[in-house]
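*Asks:* Next comes the sequence, and after it the predicted model I'd like to discuss.
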Amino acid sequence: MYQFKNCQELLDLCKKEKLPISQIAIKREMQIFGKSRPWVRNKMKKVRDTMEEAIELGVKSTKKSKYGLVGGDARKVYKTINRSSNMLHSKVAIRAMAYAIATNEQNARMGKIVAFPTAGGSGVVPGVLFSTHEHMKSSKRKMLNALFTASALGIAILKHGGTFSAAKAGCQAEVGIGVAMAAAGVTEMRGGTPEQCLNASALGLKNMLGLACDPLGGLVEVPCVKRNAIGATIAMAASDMSMMGVESVIPMDEVVEAMMNISAGMSETIRETALGGLAITKTGLKLREKMGLPPVPKKYLDWKNRKPGNASNKCGGCNGCG
Ligand code: SF4
């Protein structure tokens, strides 16, 4: 009864039952596991508490990751929150960045995090939700509900044929889906309707489409950690726009389809193989050597002589090159 196969069905359920997304998600879990509401909520409380611990440790730590590529940036960003008057972003956005980095730095240090939706994309949801929760001084219940809403989005994306796998669809499927989930969760936390939640997700994910997975040395560190921080600000911008009444022309289910059709045309070099993009920049290769990893085969470094992979090779006329 509370099952859905895509975002539209989730929305239809919300309308039929006159419930927000979070409550449909809770009822779905109760139905699947045959358990009570407190049992389901307690499971999510553990998720929330683990996220909070990672943030608390992450914003204090200066410890570097094993290869020293990341570590200590969460603390730097967090320290600026109270002197943010000369920053371009608001306090709530800066804190979201700090919390997202904190989570991903903890992941890079092999600390405990929640892979929500994945380890690489684990910073966006807690970054956005914990920062907004503090900003709004919202109840613990609202915070928990926002996590259920975010999780429902993830389920709807998978049910509709999407993926969280960067090996299959690049970083659009990791950090990108983290953005979509966070945008929906934070929009419900702010009092948005189910339509506004899904619209925020669509606006967020659309702006992550095509994102390469190109981690240096194949480690979930660079660009992953900072990508989560900036992803958090995109989720907040998407939520703001949705709350202002700006609508995505493309509905969320179709954005998921777009993500998958883009992934079908993505080179393997930018799908978690560390054979393209940032991973094979001069700096990326130097760091790879320093880490003692085997060199990247020459054929992958010959990218200047490769033709663009589009079907017609015709210019789309965006004038970006001129
Ligand atoms: S670049 Fe790749 S490994 Fe890093 S967060 Fe994105 S998908 Fe994950």
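*Replies:* Thanks, I have the structure now.

*Asks:* Spell out which residues of the stretch 151-300 of the chain are next to the ligand.
*Replies:* Contact residues (Cβ under 6 Å from any ligand atom) of the stretch 151-300 of the chain with the ligand: A166, C171, E174, V175, C213, D214, P215, V220, P223, C224, R227, E272. Any C-beta I mention is one placed from the backbone N, CA and C, and that applies to glycine too.

*Asks:* Try it again at 8 Å.
*Replies:* Counting by Cβ under 8 Å from any ligand atom, the stretch 151-300 of the chain comes close to the ligand at 166, 170-171, 173-175, 211-215, 220-221, 223-224, 227-228, 272.

*Asks:* Weed out the non-buried ones from those.
*Replies:* With neighbours counted by 16 or more other Cβ atoms under 10 Å, these contain buried members at 166, 170-171, 173-175, 211-215, 220-221, 223-224, 227-228, 272.

*Asks:* pretty sure L287 is touching G68, no?
*Replies:* No. Distance between L287 and G68: 9.4 Å, which falls outside the contact criterion (Cβ atoms under 8 Å).

*Asks:* near the ligand, anything from the host helix or strand of G127?
*Replies:* Assigned by DSSP states H and E, G127 belongs to helix 124-136. No. Judged by Cβ under 8 Å from any ligand atom, helix 124-136 stays clear of the ligand, getting no closer than 10.0 Å.

*Asks:* Neighbours of the residue in the stretch 1-150 of the chain that the ligand sits nearest to, how many?
*Replies:* Using Cβ to the nearest ligand atom, the point where the stretch 1-150 of the chain gets nearest to the ligand is G120, with a distance of 2.6 Å. G120 has 25 neighbouring residues, counting by other Cβ atoms under 10 Å.

*Asks:* Please list all residues in contact with it.
*Replies:* Contacts of G120 were listed using Cβ atoms under 8 Å, 6 or more residues apart in numbering, and they are N104, N107, A166, C171, E174, V175, C213, P215, V220, C224.

*Asks:* Could you look up the SS state of it?
*Replies:* coil (DSSP: H, G, I helix; E, B strand; the rest coil).

*Asks:* and L287 and G68? which has more neighbours close in?
*Replies:* Remark: of L287 and G68, L287 carries more neighbours, 20 against 11, as counted by other Cβ under 10 Å.

*Asks:* show me the contacts for the more buried one.
*Replies:* Going by Cβ under 8 Å, 6+ apart, L287 touches Y67, L69, L216, G217.

*Asks:* Many thanks, we can stop here.
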